[in-house]
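Undergrad: What follows is a predicted structure for the sequence shown.
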Amino acid sequence: MKKTMKKLFAFGMAGVMAAGLTGCSGSTQETTVAASVTEAQADTQAGESAASQTGGAYTVTEPVEITFATQDVGTTAYVYASTMANLFTDAFPNGSVIDVTTTSPGGVGSPVILENNQCNVTISNGAPAKWACETGILGNPPTENVRGLAGGLDKAILNVIFTQSFVDKTGITTVEELVAQKYPVRIAVKSSGAFGELACNKVLEVLGVSYEDVESWGGSVTQTGSDAIVSLLKDGKADMTIDHIAPGQSATSELCMTADMYFPQLSDDTLEKLTKEGFDYTVIPAGTWSGQDAEIKTVGSPQVILVSAELDDATVYTMTKALCENTQTLVNASAALEAFDPETAWEPIKLGAPIHPGAEAYYKEMGYME
């Protein structure tokens, strides 16, 4: 499978959706691509140029070439990026190319590769984008070239789970109680650098403690992968986990269906502190996990489209318009994108990074922002 695909040889929508659901082999992908070439070329030839669609100061009159970095074929991020690349290409003059590359390290590292000019567009999460711009992330200095186009693409939740046996043994039912008692808890969390691990770190940070503090109480912090976390909790070798995931994530669903779990509620004060760290208020509906009978107030950081500050205003305006005025196409590709709301996509809590002037122009034109 090639790591780079251009729009003229991109998946048709059905092919993109199949990739996201099944993770097809290279030969199957290439067959799908070949079957879509004629249709894609016909669509491109029939489409009008952006000059006849946008008008005014934000007209794009010449073909553009943009590199859109995403994750591997078969991932949710790849489905998102492929769908959006098609929308963007159709909005630009004939001959434009949106080059979709599988070079992104994921939501946390995405702002870094954008800053280093390895792409023009990428997908991240709002909170990591904020951290990257304000303080730097993954050991890098603060970014200067990262701008937001649209946020709130999907639904994401900060998820805290205790084992029921831990609650039965200790009587502790909240993270705040655990910290106050300095209980020697055993935490299983994602590997260092993953957004889930950073989210866990932030929860402890706003409560005034660190991994080192937990270990000084006699507890432990094990950083590992999703499958190992499930095994540790099921086998009674860990007491809790904190992660940042999509509702219905498979590993957590498996855990809750095969072991008794307890779902603590973070306090209002803790949630407010987390919003100041770039997370947005949300809820985990009752029944999201097996055994979770009540709605849980939490926070989350949905995905955001980030663009280079070096892209001109007309280009980013055109991309923003194409995205916001084709929401049904997004939903057809992934039901998770139903959460995307153009009227609030500009909000700082969703973007994380400063808004690009081209995107700002579109949102103001539509009356979404003052």
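TA: Structure's in. What do you need?

Undergrad: how about low-confidence regions in the chain?
TA: Applying pLDDT under 70 to the chain flags residues 1-56.

Undergrad: Find the centremost residue of it, please.
TA: The chain has Gln303 as the residue nearest its centroid, 3.0 Å off, counting by CA atoms, centre = their mean.

Undergrad: What's the separation between that residue and Tyr58?
TA: To Tyr58, Gln303 is 25 Å away according to CB to CB, to the nearest Å. For every residue, glycine as well, the C-beta is placed using N, CA and C.

Undergrad: for Lys237, same thing?
TA: Look at Lys237 and Tyr58: by CB to CB, they are 57 Å apart.

Undergrad: Of the two, which one has the most company?
TA: More neighbours surround Tyr58 than the other of Lys237 and Tyr58, with 20 against 14 (other CB atoms under 10 Å).

Undergrad: For the nearest residue to the more buried one once chain neighbours are set aside, give me its contacts.
TA: Excluding its sequence neighbours, the residue lying closest to Tyr58 (CB to CB, 6 or more residues apart in numbering) is Tyr317, at 4.0 Å. Counting by CB atoms under 8 Å, 6 or more residues apart in numbering, Tyr317 makes contact with Thr54, Tyr58, Gly358, Ala359, Ala361, Tyr362.

Undergrad: what helices or strands is the helix or strand encompassing the fifth one leaning on?
TA: So that's Ala361. Assigned by DSSP states H and E, Ala361 belongs to helix 357-365. Packing partners of helix 357-365 (3 or more CB pairs under 8 Å, 6 or more residues apart in numbering; DSSP states H and E): strand 146-150, helix 313-324.

Undergrad: just those: most buried one?
TA: The highest mean neighbour count among the helices and strands packed on helix 357-365, using mean count of other CB atoms under 10 Å, belongs to strand 146-150: a mean of 26.

Undergrad: Tell me how far Gly152 lies from Asp280.
TA: The spacing between Gly152 and Asp280, counted by CB to CB, is 8 Å.

Undergrad: any shared contact partners between these two?
TA: Residues within reach of Gly152 and of Asp280 at once, by CB under 8 Å, 6+ apart, are Gly126, Pro302, Lys350.

Undergrad: which one of those residues has the most neighbours?
TA: Greatest neighbour count in these, by other CB under 10 Å, goes to Gly126: 29 neighbours.

Undergrad: correct me, but it touches Leu351?
TA: Yes: counting by CB atoms under 8 Å, Leu351 is a contact partner of Gly126 at 6.3 Å.
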